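[1] my questions are about this predicted structure, shown below with the sequence.
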Amino acid sequence: MVAAKASTPAGGAVRDGLRRLTQLSLVSKVCSELEAHLGVGDRVLAEFIVDLGRASPSVADFDAKLKAHGADLPDYLARTLHTVIHAIPTHTDDAPAPAPQNPASRGTGARVCGKDKAEERVRDGDPGLYQVCRGKVTGLADAGCFVRLDDARGREGLVHVSEMPGRRIAVKRGQEVFVKIVSVQGRNLGLSMRDVDQDTGKDLLPLQRARGEDDVPRPMANPWTDRAAATGRRTGVSGIVIPEDNQTGTASSRRPIRRMSSPERWEMKQLIASGVLNAKDYPAFDDEDSEGMNYQEEGVEEELEIELNEDEPAFLRGQGRSTIDVSPVRISTNPDGSLSRAAVLQSALIKERRDIRNEEQRALVDSIPKDLNRPWEDPVPEVGGRYLAQELRGVGLSAESMPEWKKEAYGKTVTFGQTSRLSILEQRQSLPIFRLKNELIEAVRDNQVLVVIGETGSGKTTQVTQYLAEAGYITRGKIACTQPRRVAAESVAKRVSEEFGCRLGEEVGYSIRFDDHTGPDTVIKYMTDGMLLREILLDTDLSSYSVVMLDEAHERTIYTDILFALLKKLIRRRTDLKLIVTSATLDAEKFSGYFFDCNIFTIPGRTYPVEILYSKQPESDYMHAALLTVSQIHLTEPEGDILLFLTGQEEIDHACQCLYERMKSLGRNVPELLIYAVYSAQPAEMQSKIFEPTPPGKRKVVVATNIAEASITIDGIYYVIDPGFAKLNVYNPKQGLDSLIITPISQASAKQRAGRAGRTGPGKCYRLYTESAYRNEMPPTTTPEIQRINLGETVLNMKAMGINDLLSFDFMDPPAPQSLITAMEQLYNLGALDEEGLLTRVGRRMAEFPQEPPLSKMLLASVDLGCSDEILTIIAMIQTGNIFYRPREKQAQADRKRGNFFQPEGDHLTLLTVYQAWKAKQFSGPWCYENFVQLTSLRRAQDVRKQLLEIMDKYKLNVVSAGNDLTKVRKAITAGFFFHAARKDPQGGYRTIADHQQVYIHPASALFQQQPEWVIYHEVVMTTKEYMREVTAIDPRWLVELAPRFYRSADPTKISKRKRQERIEPLYDRYNEPNSWRLSKRRE
C-alpha cells in the first residue's frame, strides 16, 4: 500500500518531466523555423507563438491571431508553424501512459487498431475474424512462418508467403509482428501480415476480406504505387508518394530467394505424405516439378538487382531509350581539322594557366603579415605593414589581388560613355538610320511583318522604338523590343529613357529575370527574349502590345527561335499586330522566307574596305599568336586602335596581363598601349571606358568576346585580330548537361568581325587561321542554339503553352527529332508528362521554375519530403562551380581543412555543411580564407538561393528543414537525378545504370575512400578518366520508389541483364596460359 502511494508522486514527476521536455522540443523547433525564414530566433517569441497555436484549431484562426498581435507572417510560414505545433502532442496529468509498441517499429506512440477487442476475444479462446493481433514468430517454413498470438492460450497460426509483404519471407524467429486473422478452421488460424502496417499495427484494408475477396495476391505492376494506394497516403506536389514520418529512413531486411535443393524437395514430399503438412497450404509446391518451389534464406541479405524499365509510353513507342545517341552534338564541320585541334589544346592551356595564377595569388597573400583573429588593423600602416583582415579573403578585387593592368586601365576617374559635345538630339540625328526615318515608318505601316537589316551602330535598337512611338503606335498598345542578353536590355533601356526624356521605369522600362523596371505608364519595354516567352505563356495573344521587335535575331537563341514560330502563328490571328525582325548579318533572305516572304528594309552603314590577312600555317596556340600580332601592330603599323576577339573572361584577363607585362618590358621608347577588356560579366562603368577617344600619340587595344561582333560599336578601330574561336553552349548526352566549349566560329561571324575594322576608315583584319580552314572547317552560319543544347526546359515550357505536337512545330531550323524525343522521355520519367505525352499537374508546377527540369523536380520533391530548406542550399551550391581551392604549396593543409567538411553521405551534404558553417560564421570572409574556400562562389550561391526563395514564396511552397534526418535530403536528390545512378563494378570503378558507362569517383570527393555500392552523381567530367562529380550514396530501393517509370526491380528468380553482361574470369593459374581452361584450347 505504501509502495502504491509512493508511486503516485513518482509517476507525476515523470509526467511533468515528459511534458517539460515536449515543450522545450516544440519551442526549439519553432525557434529554428523562425530563424530560417525571418532571421529571428527569440525563445520568448517562440513560446508566445506556441501558445497561440495551441489555442487555434485551424490555420485560419492561427493566422488571424498572429495578425491581431502585429505579426504578418507569410501564408506558408503560418501553415508550417501551425502544423509543427499540433504535430507534437501535449501531455496532461490525466493522460494515460503511452501504449506499448512493436520493438521492430521506429515510430513512437504506435497503437494497434482494434487491438483491445481482438485481444479480449483471443483471451476468451475465440479469436475475432479480420482482427489485428500481436504475436511472435516461432518458426519458419518454406510456405511461410508460424506466429504465436499473445494472450491467446498459446495458439499459433500460419502466415502464408502470399500473405506477407512483397510475398517474401522477411521475418526472423523471435520477431514480434502484427497479424490479421483471415481464416479460422477449428484450431487452425490463417494469418496475414500483408494488410497490416508493421510499424503501427493499423489495418490497411479493413473491408477487403469482409467483402469476400479472395486471398490470391493481385499482380503488382508497381509495388510502390499499389502500396501507396492501399495505405491511403497522399501524393505530393512532385508526384512522389509522401511517406509517413515514422517510416522515413526505415529499412526492412531483404533475403535472397533461391530454389529448393533435391533433399529439401524430398523432405517436403515426405512431410506432406505423412500428414504433418497439408498440401493445400503450399500451393506453390508441385511434387511433379523437379524444381520444387522458391523460398528465402534466413540470415542473408539480398543483393538487390535494379534494371531499366523498358515499358514505353504510348507517345514514345519504338523511339525510346534504346535508340538514344549518347555522342555529343557535332557543331564543327571538321572535327579533325586544325581549328578543332587548336581548340582542344587551348582548353588544356587555360586550365594550366588558371592553376599557376591561383598559386601566385595564394603566395602573394601568404607573404602579407596578418592577424585574422583581429577584426581591424592600423588604418595607416607603413609600406609592407599589416592590412585589413577583410582584404585577406584570398579572392575578389582586394588591394592585393587586382592585376596591374586593371589598375592602370581603370584606376583613373571613371567617365560614363564617350565624351561628346553634341546634344542628345544631335547625336540621334547623326545616326545613319535618321536619314531613313520617314521611309521606315511608312514601311512598318504598309507591312505587318518587316525584316530590318543594319550594321551595328546604325541606331536600329535605340531609334526604331522611338520612331514608332512618335508615329502613334503607343496609342494601340505597348512597344516590345527583345534582346538576347540581359546586359543589353538594361543598358539600352537606360539610354532610350534619357533620349525619350523620362525616368527609367516610367514611359521606358526593361524587364529581365528577377528585375522588372516597368510601371503602368510604360509604353516602350525592353526585355530578354525569355521574358517575352513567359508573357506569351500567360497571354497567348499579347493583347497589351501593338508592336513586337525581335532585335539581334541573327544570334538565334533558343527563345528567339520559339518566338519566331509563336509570333508567326499569332500575326495570323492579330492582323493589327506589327512584327519587326532586326539583324546585323546578311541572312535576311532566310528570315524573309520564313515570314511569308515579307519585305526587307536595309539601313546602309558607314563601311570602308577591309584587307583580309590569313596565316600561312595553322596556329596551335592562338593565344600566343594573338598577343604576338598585337605587339607587331603596335610597333609597326600606323595609328589606329586594335580589337582582339577571345572566347571568355579567363582568356581575356590573361591576355591583358601578358600585354601589360610585355609593354612594360619594352620601356618608355615605345608609344603607350591602353589595354581594355569587354565581356558580359564586366561592370557597366568599366565597359564604358572602351568608348572613350584615344589620346593623341597613344593606341588602344580592346580585348573582347563575341559581344563586340554586333552588340556594341567601338569607334576608332582600324585593326581586328580574329583567332577564329568562340564559346558555345553544347549539350553532351553522356554527361546529361550543357557545357560551354571552345569551338570554331562560322564564316558569317568571321565576316562580321572583319567588318569591325572598316567603320572609321580603311582597316585590316588578321585572321589567325589559314584560308583553307576558313573555307573547309568553318560552317557558313552558326549552328542555332536549339540544335545544340538540351531541350528539356524548352519542351516543358512549350507543353505548358499548350504546344503538344512538337515534331510538326514550325521551327525555322527544326532540332533533330531524336533531341525532342530524348527531352520528352526525360520529362516523362520525371513525371512531367503522362502516357499520352500531355503535361501533368507536376509538369505544370515544374514549368513555373526557370531552371532545368531535374532541379525543379528535386526542389518539388524536397517540399513533399520536408527538406526544402536544405535542397535550396544544395541547388545553389552545385550551380556555382568548385568552391574549394588547393594551392600547390599547401596541398596537405588544404586537404585537411576540406576533409573537416566531409560528410559520410556524400558531396551534396558536404556542400550543405560548408554553406551552413559559413552562415554560422556570419558569412565571414576571413573564415573562407582559413578553410581554403572560394568566397566569390559562396556569395554567388547566396544570391541564387535568395532568388529561389522568392520563387518558392511566390508559389506558396513550404520551406522547411529536415533537421538531422539527412535521408530525406538524399531521397530528394535521387528524385531529381535518378538517371545519374551508378553501381559498383567488380572490375573496378562504377557502371552507370542508364548506359552501362564505366565511371569513377573523383579523388576530391568525400566518398573516394568509402566507395559505396550505389551512388547518384551530378555530372561526369573527363580528365584522365571519366570522373563523377558531386556524388552521394543512396539506397537502391529509392530508385524504384521515386522513379518507377525509369527503374524496376529485377526478377530474383532470373539472371539479370547486368549479370549476363559480366565477363566470367577464372582464378589465376600460374602454370598455364590465361585461356588454357577453354575447351577450344584443350581440343588442341
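    Arrived safely, thanks for sending.

[2] what's the nearest residue to residue 150 if we skip its chain neighbours?
    Setting aside the residues directly before and after it, residue 150 is nearest to residue 134 in space (C-beta to C-beta, 6 or more residues apart in numbering), at 4.9 Å. C-beta coordinates here come from the backbone N, C-alpha and C atoms, glycine included.

[3] kindly export stretch 621-633 (C-alpha atoms) in PDB.
    Provided in PDB are the C-alpha atoms of stretch 621-633 (Å, rounded to 0.1, in the frame of the first residue of the first chain):
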ATOM      1  CA  ASP A 621      48.400  28.200 -79.700                       C
ATOM      2  CA  TYR A 622      46.200  31.000 -80.900                       C
ATOM      3  CA  MET A 623      46.600  33.000 -77.600                       C
ATOM      4  CA  HIS A 624      50.400  33.300 -78.200                       C
ATOM      5  CA  ALA A 625      49.800  34.200 -81.800                       C
ATOM      6  CA  ALA A 626      47.200  36.800 -80.900                       C
ATOM      7  CA  LEU A 627      49.500  38.500 -78.400                       C
ATOM      8  CA  LEU A 628      52.400  38.500 -80.800                       C
ATOM      9  CA  THR A 629      50.200  40.100 -83.500                       C
ATOM     10  CA  VAL A 630      49.100  42.900 -81.100                       C
ATOM     11  CA  SER A 631      52.700  43.700 -80.400                       C
ATOM     12  CA  GLN A 632      53.700  43.700 -84.100                       C
ATOM     13  CA  ILE A 633      50.700  46.000 -85.000                       C
END
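
[4] next, the buried residues of that stretch.
    Judged by neighbour count (16 or more other C-beta atoms under 10 Å), stretch 621-633 contains these buried residues: 622, 623, 625, 626, 627, 629, 630, 631, 633.

[5] circling back: tell me if I am right that the residue nearest to residue 150 is in a strand.
    Yes. Residue 134: assigned to a strand according to DSSP: H, G, I helix; E, B strand; the rest coil.

[6] what helix or strand does the most centrally placed residue in the chain sit in?
    With distances taken as C-alpha atoms, centre = their mean, the residue of the chain nearest its centroid is residue 855 (3.5 Å). Assigned by DSSP states H and E, residue 855 falls within helix 853-865.

[7] and the contacts of that helix?
    236-240, 242-243, 248, 792-793, 796, 826-827, 830-832, 842, 845-846, 849, 868, 870-872, 875, 948, 952, 957-958, 962, 968-969, 971-973, 975-977, 979, 1042 (C-beta atoms under 8 Å, 6 or more residues apart in numbering).

[8] 6 Å - rerun?
    The contact list for helix 853-865 (C-beta atoms under 6 Å, 6 or more residues apart in numbering) reads 236-238, 240, 242, 792, 796, 830, 846, 849, 868, 871, 875, 957-958, 968, 971-972, 975-977.

[9] in helices, which of those residues appear?
    Among those, the members falling in helices (DSSP state H) are 792, 796, 846, 868, 871, 875, 968, 971, 972, 975, 976, 977.

[10] OK, contacts around the third one?
    Okay, so that is residue 846. Residue 846 touches 832, 853, 856, counting by C-beta under 6 Å, 6+ apart.

[11] just the buried ones from the residues you listed, in PyMOL syntax?
    Buried residues within those, by 16+ other C-beta under 10 Å, are selected in PyMOL with:
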select buried, resi 832+853+856
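
[12] of the contacts of residue 846, closest to residue 1026?
    Nearest to residue 1026, judged by C-beta to C-beta, of these is residue 853 at 23.9 Å.

[13] so how many other residues sit close to the residue nearest to the closest one when sequence neighbours are not counted?
    In space, and not counting its chain neighbours, residue 853 is closest to residue 792: 4.8 Å by C-beta to C-beta, 6+ apart. Applying other C-beta atoms under 10 Å, we find 25 residues neighbouring residue 792.

[14] what's near enough to touch residue 792?
    By C-beta under 6 Å, 6+ apart, the neighbours of residue 792 are 823, 826, 853.

[15] for residue 140, same thing?
    With C-beta under 6 Å, 6+ apart, residue 140 has no contacts at all.

[16] what segments of the stretch 401-550 of the chain are strands?
    449-454, 478-483, 508-512, 515-517, 524-528, 545-550 (DSSP state E, counting those that start in this stretch).

[17] can I get those in TSV with distance to residue 774, mean pLDDT and mean neighbour count?
    TSV is the format used below for those (distance: least, C-beta to C-beta, whole Å; pLDDT from 0 to 100; neighbours: other C-beta atoms under 10 Å):
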stretch	distance to residue 774	mean pLDDT	mean neighbour count
strand 449-454	23	90	24
strand 478-483	30	93	24
strand 508-512	36	89	25
strand 515-517	41	78	15
strand 524-528	33	92	26
strand 545-550	30	94	22
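
[18] could you redo the ones you listed as TSV and give each row distance to residue 560?
    Shown next, in TSV, are the strands of the stretch 401-550 of the chain (distance: least, C-beta to C-beta, whole Å):
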stretch	distance to residue 560
strand 449-454	14
strand 478-483	7
strand 508-512	15
strand 515-517	20
strand 524-528	10
strand 545-550	6
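
[19] of those, which is nearest residue 705?
    Closest approach to residue 705 among the strands of the stretch 401-550 of the chain (C-beta to C-beta): strand 478-483, 16.1 Å.

[20] paired strands for the closest one, with orientation please.
    strand 524-528 (parallel), strand 545-550 (parallel) (DSSP bridges).

[21] kindly export the longest one (C-alpha atoms) in PDB.
    Same thing as strand 545-550. Taking C-alpha atoms only, strand 545-550 is exported to PDB below (Å, rounded to 0.1, in the frame of the first residue of the first chain):
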ATOM      1  CA  TYR A 545       1.200  45.100 -77.300                       C
ATOM      2  CA  SER A 546       0.900  46.800 -80.700                       C
ATOM      3  CA  VAL A 547       4.400  46.300 -81.900                       C
ATOM      4  CA  VAL A 548       6.900  43.500 -81.200                       C
ATOM      5  CA  MET A 549      10.500  43.900 -82.300                       C
ATOM      6  CA  LEU A 550      12.900  41.000 -82.200                       C
END
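
[22] gap between it and the chain center?
    Strand 545-550 has its C-alpha centroid displaced from the chain centroid by 33 Å (C-alpha atoms, centre = their mean, to the nearest Å).

[23] got a list of contacts for it?
    468, 473, 476-482, 578-581.

[24] could you redo those as JSON lines and give each row distance to residue 145?
    Output for the contacts of strand 545-550, formatted as JSON lines (distance: C-beta to C-beta, whole Å):
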{"residue": "468", "distance to residue 145": "82"}
{"residue": "473", "distance to residue 145": "81"}
{"residue": "476", "distance to residue 145": "79"}
{"residue": "477", "distance to residue 145": "75"}
{"residue": "478", "distance to residue 145": "74"}
{"residue": "479", "distance to residue 145": "77"}
{"residue": "480", "distance to residue 145": "71"}
{"residue": "481", "distance to residue 145": "74"}
{"residue": "482", "distance to residue 145": "69"}
{"residue": "578", "distance to residue 145": "78"}
{"residue": "579", "distance to residue 145": "74"}
{"residue": "580", "distance to residue 145": "78"}
{"residue": "581", "distance to residue 145": "74"}
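
[25] for residue 930, state which of those residues is nearest.
    Proximity of the contacts of strand 545-550 to residue 930 (C-beta to C-beta) peaks at residue 482, which lies at 46.4 Å.
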